[in-house]
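Student: kindly generate the corresponding structure for this input.
(3 chains)
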Amino acid sequence: MNTPDFLLRDALLRPGALPRMSAADISMVISQARTSRLLASLAARLEASGALALLPESARRHFRSALLVHHKQRRDLLHDCESIRAALASVDLRLVLLKGGAYLHTNLAVSQGRLITDIDIIVPREHIEDAESALNAYGWESSQLDSYNESYYRRWSHETPALVNPRRGTTLDLHHNILPPTAGPTIDADLLFDSVKEVKPATFTLSLQDMVIHSATHLFHEGEFYHGLRDLWDLHQMLQEFPQLDASFWDGLVARARQLELDAPLCHALRYTRLVFETPVPARVVEEATGWAARLRQPLMDFLFIRAFRPSHPGCRLPLTGLALNALYIRSHYLRMPLHLLLPHLVRKAWMRRKDDSATALENK
Amino acid sequence: MSLLRELPMSALTERLASGGVDLLIGPYVYRIRSNVAAIGQGLARLYADFTLAPNGSFVDFDVGLRQDTIAQKLRGQAQFLFDQQSPFDTVPVQQAYAFLEWGMNWCVSLHVNEYLKLHAAVVARKGAGIIMPGIPGAGKSTLCAALGLSGWRVLSDEHALITPGTIDLTPLSRPVSLKNESIQAIQAFDSGVILGPESRNTHKGTVAHMKADMAPHSHDINTVPAALMVFPRYSRDEPQELYHRYRSASFVLAAYHSFNYSVLGEDGFDAMQHLVSQVECFDLVYHDLDWAVAKMEELVG
Amino acid sequence: MRWRVSTAGKFYDENEGSVVYFDPASGDTHLLTDFAAQIVRELSGAAKTSRELEDSLADMTDTADQAQLREAIATVIGELVELGVVHLAVHDGQVVDSAPA
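Tutor: Numbering: from 1, shown residues only, chains lettered A, B, ... in the order given. Got it, this is the predicted structure:
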């Protein structure tokens, strides 16, 4: 099946074409990229291809501005990770970074222009309390949650409530697994720790294969698709670059995902990166990844995801996008939690949100 | 190039509600969309002398203030739009105009880093630019409005845009935001002041905007060199005075009130040092606008 | 115990008694007293002990009382460590992690 074009995709895949677009189209690309949190990523592509210099100054300054934010985030991240590393070292734990933080510590293509909102790290579950108190001592404060949210997190989540460093203004998510224990597959986190890679002294990331599997898992279990396109672009970049870094990358990727019981999200990742970004994936890997159940569900999933992987810009929305996004929201909550947990949580969330709204409204009065 | 005032009200309303109205504002093009009556009225009053961007222009900021759902209309709420998304909660429709102006500031505060951006009013007299940083409530906007009504050129009441490595100030002239007692104070200062729609009960109290492009060349896009940095502070209880302040302390205070000093990192330090070492810095404590305007006149000689 | 500055920063000094200091490691900007700024300058070149700092700073201050100078240095070092500007160094020149906040 084909996906209709949108300007941002063309610009990401063929940055050299951007300077030849009309002023109105360039504004549209910037607007879509900003909405999708891909402006700095696109800027990095433009810079690397030499196309940035060919753009009119009115457009170029927006790309440069986004790159400056990216550079600032990279500096902050490196500095913060030093303090996190030291905190963990004080209780004999090593720093294992996930997602954006891991990318920015590498020179991988996916790190170029990648914006982050917080730092994600993973420690073995049995050490999570040691890690948290060590981080507290190093200036990372545990969030104050109400007792409902607190107990929800502690019981059912794969991470602790966010830690905040008020002096630095940064947020840290401390995970002990890459999926909540309530989600269908129970992932053996030890498998992940067994294959981490040291990217600089005492700083680790997941292996290349696990990075892809984690990114796919995160994306396809995610309830909110505001960053869906950005996350799919991450996967595209990884799937393009990793086989060049490691000739055996494709071999065993699917087997690894099966071992972690995460072959379903990997299958989605391979399908939608190809559909949206024309990512080169060997046919045998696609074949291996796509089971009969996946084939059966494909038409429905295509309908849902093709809509999710577009900028949420009105100019790019396909008919029925709202419906598809709602369906995905419910689907992902369903994936994360058994149904009996799901309903009270959603109701509770909705109720609390309403309560917050009225509190804000009162404050404004 | 035509001015907004040349557009009849009916055409303005129609354009706001459909594709949007593109305006040249300082170095940027804003596309404004709205189906709220107060927005059209406010723009017609305060932006009459702004230039409409030619068709097909590059658009920097696509903003809107709209009521789009039946629920919003029933509850009297409207939403601010940026890139046609709503980044914030809805606001009462009576506050729509203030939120549009606020959102237009937000675009610049958050999204552009080609300048060192200080949270400051900027005015100019005889070719000398004066940067007036200040925390909210310090009286920078009130003084800025009074200067604008006294023949000074208002470059901005919110953003000092400084090209790093220079002392050049880029004008971003927009209406000046007045709050609560400042509104009466400015009306008392000059009864001829042109004010836009009043927004009551906002998080900052009552807000109204003042047309601020009365000086000739208000929309000249060329930069103006900075000559002084003046930190105004409104105080009823203290004697009015103007005195020198240390450059080092001025540096840190201006950096603290900058929107992107830390984003620029070391370049931000260099840019601020370049600026502060070339401008004289003053504190201005005032409660009488006539006195304050006269002191400012003295400063530029 | 030796103290050091991990990455030499930038100063803006107009001889006003206070100095602006940019710390490239954290990206933070601080307003320091002349005395604190001098300590940062001393430690930017090489790691020094508190005793070595006393010797270099003796000329700068008019305090004849050695104990007073020692106390002032200890206080300022404490504050600079808290701000993350100064770190404890070990003999091979490697930076040891700053004390937990």
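Student: what distance do you get for the spatially most central residue of chain B to residue A:8?
Tutor: Central residue of chain B (Cα atoms, centre = their mean): residue B:157, 3.6 Å from the mean position. Using Cβ to Cβ, to the nearest Å, one gets 35 Å for the distance from residue B:157 to residue A:8. No exception for glycine: its C-beta is placed from N, CA and C like everyone else's.
Student: hang on, the earlier thing: if the nearest residue to the residue nearest to the centre of chain B once chain neighbours are set aside is in a bridge, with which residues?
Tutor: Spatial nearest neighbour of residue B:157, chain neighbours left out: residue B:176 (4.2 Å); criterion: Cβ to Cβ, 6 or more residues apart in numbering or on different chains. Beta-bridge partners recorded for residue B:176 (DSSP bridges): residue B:210.
Student: and residue B:176, what pLDDT?
Tutor: Among the per-residue scores, residue B:176 holds a pLDDT of 97.
Student: what residues are up against it?
Tutor: B:121, B:141, B:144, B:145, B:148, B:154, B:157, B:209, B:210, B:212 (Cβ atoms under 8 Å, 6 or more residues apart in numbering or on different chains).
Student: just give the number of residues close to the fifth one.
Tutor: Summarising burial for residue B:148: neighbours were counted as other Cβ atoms under 10 Å in any protein chain shown, giving 27.
Student: out of the contacts of residue B:176, give me the two with the largest separation.
Tutor: Maximum pairwise distance among these (Cβ to Cβ): 13.7 Å, between B:121 and B:209.
Student: neighbour-wise, which of the two wins?
Tutor: Between residue B:121 and residue B:209, counting by other Cβ under 10 Å, residue B:121 is the more crowded of the two (30 against 27).
Student: OK, contacts around the more buried one?
Tutor: By Cβ under 8 Å, 6+ apart, the residues touching residue B:121 are B:131-132, B:134, B:140-141, B:143-144, B:154, B:156-158, B:160, B:176.
Student: where do the helices sit along the stretch 201-301 of chain B?
Tutor: In the stretch 201-301 of chain B, the helices defined using DSSP state H, counting those that start in this stretch lie at B:247-256, B:261-264, B:266-276, B:289-300.
Student: chain A is nearest to which of the ones you listed?
Tutor: Comparison of the helices of the stretch 201-301 of chain B against chain A by Cβ to the nearest Cβ identifies helix B:261-264 as nearest, at 4.7 Å.
Student: what about that closest one, average pLDDT?
Tutor: 93.
Student: for it, which positions count as buried?
Tutor: Across helix B:261-264, burial judged by 16 or more other Cβ atoms under 10 Å in any protein chain shown covers B:261, B:262, B:263, B:264.
Student: reformat the contacts of residue B:121 as JSON lines; add secondary structure and distance to residue A:218.
Tutor: Shown next, in JSON lines, are the contacts of residue B:121 (DSSP: H, G, I helix; E, B strand; the rest coil; distance: Cβ to Cβ, whole Å):
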{"residue": "B:131", "secondary structure": "strand", "distance to residue A:218": "45"}
{"residue": "B:132", "secondary structure": "strand", "distance to residue A:218": "47"}
{"residue": "B:134", "secondary structure": "coil", "distance to residue A:218": "44"}
{"residue": "B:140", "secondary structure": "helix", "distance to residue A:218": "45"}
{"residue": "B:141", "secondary structure": "helix", "distance to residue A:218": "45"}
{"residue": "B:143", "secondary structure": "helix", "distance to residue A:218": "51"}
{"residue": "B:144", "secondary structure": "helix", "distance to residue A:218": "48"}
{"residue": "B:154", "secondary structure": "strand", "distance to residue A:218": "49"}
{"residue": "B:156", "secondary structure": "strand", "distance to residue A:218": "42"}
{"residue": "B:157", "secondary structure": "coil", "distance to residue A:218": "44"}
{"residue": "B:158", "secondary structure": "coil", "distance to residue A:218": "39"}
{"residue": "B:160", "secondary structure": "strand", "distance to residue A:218": "41"}
{"residue": "B:176", "secondary structure": "strand", "distance to residue A:218": "46"}
